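Asker: Quick one: sequence and predicted model below, then my questions.
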Amino acid sequence: MRDDTGSGMSRPAFAPLVVIPVYDHAHAIGAVAQGVLASGLPCLLVDDGSHLDCAQVLDALARAHAPQVTLLRLAVNQGKGGAMLAGFAEAARLDYSHVLQIDADGQHDTGDIPRFVALSQAQPEAVICGTPAYDASVPKARLYGRYATHIWVWINTLSLQIRDSMCGFRLYPLAPVTRLIGEETIGRRMDFDSEILVRLFWRGVKVINVPTAVTYPSDGVSHFDVWRDNVRISRMHARLFFGMLWRAPRLLWQRIAGPRA
């Protein structure tokens, strides 16, 4: 058993927390939270500087579902990555062992949470990473554009093990994540999802891909800035490419020896 810092509670060795980064998804977050609650897992809403209407919805959810739902409020918008980094820090402070990340816009199927959890229980040192199965709602430009990132990720890992690095539905073992963010700088906006997964892979963390239905998005709100975020993502791939070059011998050996169990 593990002591929960500051609360006197204890947690089992496998103790996942759902973290949802939220920025102005007032119309969708209620249904997402209800889906998470149905899974039986505790949930942390990270308010990433939302405007008043969304902030009030988050306050109401935290009040109505306490203590199962808690709220962490960031005074200034930090981006999806910044919100997740804050969520990881809070999860570590509360002594959770794993963090399940899911988007606030309703595009992910909360009914798949038990499947992610079961896989994580079986292989607790691995990242359980959603691989999107899109319906007709996905914008074709976004769908095709993702393949450029897929190719760069395969180059930067010298592997095809990561099927989709951009899906924001995944379950992380918290210990290697905490070590990583304490030692390296991770992108704080839309570059976050791919970068943290590649860097964890570089450190020998196994990635298990799980097909999951994705619908684009239920509230019609997307914070992807086509110009700025594509520039950020391109810069991230360049950084990772040069990081891959000096890691290449070890990555190639990792392929020969097989991923860490």
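Answerer: On my side now, so go ahead. Given the structure is predicted, the values throughout are model-derived calculations rather than measurements. Numbers count the residues shown, from 1 in each chain.
Asker: how about residue 213, secondary structure?
Answerer: Per DSSP: H, G, I helix; E, B strand; the rest coil, the secondary structure class of residue 213 is strand.
Asker: Would you mind stating the distance between it and residue 50?
Answerer: Noted for residue 213: a distance of 26 Å to residue 50, by C-beta to C-beta, to the nearest Å. Every residue, glycine included, has its C-beta placed from N, CA and C.
Asker: Which one's more surrounded, the two?
Answerer: Neighbour comparison, residue 213 and residue 50: the larger count goes to residue 50, with 22 against 15 (by other C-beta atoms under 10 Å).
Asker: pLDDT value on the more buried one, please?
Answerer: Note on residue 50: pLDDT of 95.
Asker: Show me the shaky parts of the stretch 101-250 of the chain.
Answerer: Scanning the stretch 101-250 of the chain for pLDDT under 70 picks out 136-146, 217-231, 242-246, 250.
Asker: rerun at 80
Answerer: Residues of the stretch 101-250 of the chain that meet the criterion pLDDT under 80 lie in 134-148, 188-190, 216-250.
Asker: Strands of that one, residue ranges please.
Answerer: Remark: strands assigned in the stretch 101-250 of the chain by DSSP state E, counting those that start in this stretch are 127-134, 170-173, 207-214.
Asker: starting at the chain centroid, how far to the second one?
Answerer: Translated: strand 170-173. 7 Å (C-alpha atoms, centre = their mean, to the nearest Å).
Asker: again with stretch 178-187
Answerer: With C-alpha atoms, centre = their mean, you get 14 Å for stretch 178-187.
Asker: who touches residue 203 in this structure?
Answerer: 176, 179-180 (C-beta atoms under 8 Å, 6 or more residues apart in numbering).
Asker: Repeat the analysis, applying 6 Å as the threshold.
Answerer: By C-beta atoms under 6 Å, 6 or more residues apart in numbering, the contact list for residue 203 is empty.
Asker: just checking, next helix/strand downstream of the helix or strand where residue 31 lies?
Answerer: With secondary structure defined by DSSP states H and E, residue 31 is part of helix 29-39. As assigned by DSSP H and E, the chain's next helix or strand after helix 29-39 is strand 43-48.
Asker: Mind giving me the packing neighbours of that following strand?
Answerer: Contacts defined by 3 or more C-beta pairs under 6 Å, 6 or more residues apart in numbering; DSSP states H and E place strand 43-48 against strand 16-22, strand 69-74, helix 79-93.
Asker: Now do the second one and strand 16-22, the angle between them.
Answerer: In this structure, strand 69-74 runs at an angle of 50 degrees to strand 16-22, with axes from the mean of the first three to the mean of the last three C-alpha atoms, to 10 degrees as the basis.
Asker: Show the average pLDDT along strand 69-74.
Answerer: The predicted model assigns strand 69-74 a mean pLDDT of 98.
Asker: Just the CA coordinates for it, please, in CSV.
Answerer: This file holds the C-alpha atoms of strand 69-74, laid out as CSV (Å, rounded to 0.1, in the frame of the first residue of the first chain):
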residue,chain,number,x,y,z
VAL,A,69,-14.1,14.4,-9.6
THR,A,70,-11.6,17.1,-8.6
LEU,A,71,-10.6,20.4,-10.2
LEU,A,72,-7.2,21.9,-10.8
ARG,A,73,-7.4,25.4,-12.2
LEU,A,74,-4.6,27.1,-14.1
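Asker: strands paired with that strand, and their directions?
Answerer: strand 43-48 (parallel) (DSSP bridges).
Asker: residues in contact with the strand it pairs with?
Answerer: Contacts with strand 43-48, where a contact means C-beta under 6 Å, 6+ apart, come from 17-23, 36, 58, 69-74, 77-78, 83, 86-87.
Asker: again, only using 7 Å
Answerer: For strand 43-48, contacts defined as C-beta atoms under 7 Å, 6 or more residues apart in numbering pick out 17-23, 33, 36-37, 55, 58, 61-62, 68-74, 77-78, 82-83, 86-87, 90-91.
Asker: Specify the next element, helix or strand, located C-terminal of that strand.
Answerer: Counting by DSSP H and E, what follows strand 43-48 is helix 52-64.
Asker: Can you list the buried residues in that following helix?
Answerer: 54-55, 57-58, 61-62 (16 or more other C-beta atoms under 10 Å).
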